[in-house]
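Visitor: Coordinates for the following, if possible.
(one chain, ligands or ions: 1)
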Amino acid sequence: MSAQLDSPLSPPCPFTANDELRHDWTAEEVTALFELPFNDLLFNAQQVHRQHFDANEVQISTLLSIKTGACPEDCKYCPQSVHYNTGLEREKLLPLDTVREAARKAKASGASRFCMGAAWKRPSDRDLEKVIDLVKTVRDEGMETCLTLGMLSDAQAQRLKDAGLDYYNHNLDTSPDYYKEIISTRTYQDRLDTLDHVRQAGMKVCSGGIVGMGESRADRVGLLQQLANLPEHPNSVPINLLVKVKGTPMQDVAALDPLEFVRTIAVARLMMPKSRVRLSAGRNDMSDEMQALCFHAGANSIFYGEKLLTTDNPIANHDMELFQRLGIKPNGKPWVSDAEAQAAAAADGDTTH
Ligand code: SF4
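Guide: Below you'll find the model as predicted:
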């Protein structure tokens, strides 16, 4: 008991006392969360997590690159930028049948949401029409839909909403201060404007960032402060760990302390208690133990599948094995073996096609 009294944020947890979502975080407050003793931070995050979610449930999304490479933007971490030579093979917009097949496979492997990414600065109205057909196709397969296509005008956001798109992803990437070190071809305000258009159109917002890009803790504070102080918390908050791709300016950046990554997840959970906090890119470089700590800190969504746009991701079977070891229910369903999942998918296919 005395150990608890020694710790300023030991029970009762101050975050669970007030159910109101906050949008007025100061940098000092967020820094104070990052500086908590690790055990106190995780304890508080876990308590808040349990208030709003089943602590043993993780939502699963799959991401497919529907148009790869040749992007005019210069995001320094990205192998799809035309500015860097990473040997990435370019691909035009995928045909509808290919996307339908990928969605069916993703559903059979246990994903509930199908995200499609295209390497554009912004979609042309002609491209948007084609993408809308893809969205309708994926919806017909019974999955939630998410797109990431770059910047959107308010009219484009409305068209996507009218087509039934559930989520739009547009990341803030990093803090406003560090942003100039990462991208020069679009501004931070451009990003905020796109998020605003998506929100105004009535779609759910998916927005997060990337850590481990050589930023300081103050920048991680700045990123989470921006996300939590949006008019509404993003429904999904992907926290990516930089994947260092050879040929990008970030290929040799120093690795982030894994425990600092876990802290970032826990602080995100405390600041945005009702949002899905997603482990996204970089999971391939995380140990099982680090991922388990992230789930304990409040992460409750993952990207699943062998590829994340263009970088490797842990293979689906390994994810399921980890869930089984941790007693985690993917999408709230009891864990099933791969063979059982395949059999169920086949039976489902018999009745619907
Ligand atoms: S992150 Fe997106 S916008 Fe930036 S270069 Fe890559 S594909 Fe283009």
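Visitor: thought Leu241 was touching Gly212?
Guide: Yes. Leu241 lies in contact with Gly212 (Cβ atoms under 8 Å); the separation is 5.1 Å. Backbone N, C-alpha and C define where each C-beta goes, glycine included.
Visitor: Quick check, central residue of the protein?
Guide: Computing the C-alpha centroid of the chain and ranking residues by Cα atoms, centre = their mean puts Pro238 first, at 2.3 Å.
Visitor: Next one: it from the ligand, what distance?
Guide: Per Cβ to the nearest ligand atom, to the nearest Å, Pro238 is found 13 Å from the ligand.
Visitor: who does that residue bridge with?
Guide: Under the criterion DSSP bridges, Pro238 forms beta bridges with Arg278.
Visitor: on that earlier part again, what is in contact with Leu241 and Gly212 at once?
Guide: Counting by Cβ atoms under 8 Å, 6 or more residues apart in numbering, the shared contacts of Leu241 and Gly212 are 256, 261, 282.
Visitor: and which of the residues you listed is nearest to the ligand?
Guide: Proximity to the ligand was ranked across the shared contacts of Leu241 and Gly212 by Cβ to the nearest ligand atom; first place goes to Gly282, at 14.3 Å.
Visitor: The closest one: neighbour count?
Guide: Gly282: 21 surrounding residues under other Cβ atoms under 10 Å.
Visitor: That one touches Lys244, doesn't it?
Guide: No. Taking contacts as Cβ under 8 Å, Gly282 lies outside contact range of Lys244: 9.5 Å.
Visitor: Now the phi/psi pair for Phe60, please.
Guide: Phe isn't right for residue 60; it's Ile. phi -120, psi 130 (degrees, to the nearest 10).
Visitor: coming back round to it: the residue nearest to the centre of the chain contacts Asn169, doesn't it?
Guide: Yes. Applying Cβ under 8 Å as the test, Pro238 and Asn169 come out as touching, 7.3 Å apart.
Visitor: which residues do the two both contact?
Guide: Applying Cβ under 8 Å, 6+ apart, one finds that Pro238 and Asn169 are jointly contacted by 206-207.
Visitor: if I pick the residue nearest to Ser112 when sequence neighbours are not counted, what's in contact with it?
Guide: The spatially closest residue to Ser112, leaving aside those adjacent along the chain, is Asn331, at 4.8 Å (Cβ to Cβ, 6 or more residues apart in numbering). For Asn331, the contacting residues are 57-60, 110, 112, by Cβ under 8 Å, 6+ apart.
Visitor: Narrow those residues to those in strands?
Guide: 57-60 (DSSP state E).
Visitor: out of everything not next to it in sequence, what's closest to the residue in the stretch 151-300 of the chain positioned nearest to the ligand?
Guide: Nearest residue of the stretch 151-300 of the chain to the ligand: Ile183, at 6.8 Å (Cβ to the nearest ligand atom). In space, not counting the residues next to it along the chain, Ile183 is nearest to Cys75; the distance is 5.0 Å by Cβ to Cβ, 6+ apart.
Visitor: What parts of this protein come near the ligand?
Guide: Contact residues (Cβ under 6 Å from any ligand atom) of the chain with the ligand: 71, 73, 75, 78, 80-81, 119, 150.
Visitor: As CSV, these with secondary structure would be great.
Guide: Conversion of the residues of the chain next to the ligand to CSV gives the following (DSSP: H, G, I helix; E, B strand; the rest coil):
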residue, secondary structure
Cys71, strand
Glu73, coil
Cys75, coil
Cys78, coil
Gln80, coil
Ser81, strand
Ala119, coil
Gly150, coil
